[in-house]
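> Got a sequence here, can you build the structure:
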Amino acid sequence: MSKFGQYNIILKEIADGVRAFEFDLNDEYFTKIDSPEVKRGNVKALVCVQKKNSTYELSFKLEGIILIPCDRCLDDMEQFIRHEEKIEVKFGSNYAEENEVVIVPESEGSINIAWFLYEFIVLNIPIKHVHPPGECNKSMIDKLKRHITHQKGDTDDNVLFDIDEDGSDAVAEDTQIDPRWESLQNINFDNN
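I've put the predicted structure just below:
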């Protein structure tokens, strides 16, 4: 059995009706996937397969916790994942993915969903993932405070964040600009 053999769903064995499969995606699963985004977690996956004429509809329900690095302090943080997805599978001569339809070789008669499960998890990680206020690594926050710079005229939309004692983002007011760069702010780039 391959390292992802337990995630094979033999479609040819599914007759009419719905068949459910449950998977525990734990640290061992994430280690086998060997991807940089998620190294550990505990996610429950329910996959329901329904045969519809010449196709199979796979409905995925994922819920659990993954551990990912905090964008601010780089310590591991828990990220809750809840996602539902559907894909359609049909038989063909070669494996292919076309939009939301996956074609699997009829000679094999099965689909391995290990990578689909991982993709659904990774695609649901928020772009910005940071600890709640006050939970970031204090020594890393102190280092960030020493190295973050601000420029005159920064607004909430384009400011590099400053970090309060509680670990939350805050806009710096009255930040001094390095005098070597201050004169560059008067350059006019309009060529009119």
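> For Leu74, which three-state class applies?
Look at Leu74: counting by DSSP: H, G, I helix; E, B strand; the rest coil, its state is coil.
> which ones are touching the residue found closest to it once you drop the neighbours it is linked to in the chain?
Among residues not flanking Leu74 along the chain, Met140 sits closest, at 6.5 Å (CB to CB, 6 or more residues apart in numbering). For glycine as for every other residue, the C-beta is placed from the backbone atoms N, C-alpha and C. Counting by CB atoms under 8 Å, 6 or more residues apart in numbering, Met140 touches Arg72, Cys73, Leu74, Asp75.
> Identify the bridge partners of His83.
Beta-bridge partners of His83, counted by DSSP bridges, are Leu62.
> just the one 4 residues further on next, same as before
Here Ile87 sits in beta bridges with Leu58, going by DSSP bridges.
> Just the CA atoms of stretch 111-127, as PDB, please.
The C-alpha atoms that make up stretch 111-127 are tabulated as PDB, following Å, rounded to 0.1, in the frame of the first residue of the first chain:
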ATOM      1  CA  ILE A 111      -9.500   8.200  -7.000                       C
ATOM      2  CA  ASN A 112      -7.000   9.200  -4.300                       C
ATOM      3  CA  ILE A 113      -8.200  12.200  -2.400                       C
ATOM      4  CA  ALA A 114      -5.200  12.800  -0.200                       C
ATOM      5  CA  TRP A 115      -4.000  15.900  -2.100                       C
ATOM      6  CA  PHE A 116      -7.600  17.300  -2.600                       C
ATOM      7  CA  LEU A 117      -8.000  17.300   1.200                       C
ATOM      8  CA  TYR A 118      -4.800  19.200   1.600                       C
ATOM      9  CA  GLU A 119      -5.600  21.700  -1.100                       C
ATOM     10  CA  PHE A 120      -9.000  22.500   0.500                       C
ATOM     11  CA  ILE A 121      -7.200  23.100   3.900                       C
ATOM     12  CA  VAL A 122      -4.500  25.300   2.500                       C
ATOM     13  CA  LEU A 123      -6.800  27.400   0.300                       C
ATOM     14  CA  ASN A 124      -8.800  28.200   3.500                       C
ATOM     15  CA  ILE A 125      -5.900  29.600   5.500                       C
ATOM     16  CA  PRO A 126      -6.500  33.400   5.800                       C
ATOM     17  CA  ILE A 127      -4.100  35.700   4.000                       C
END
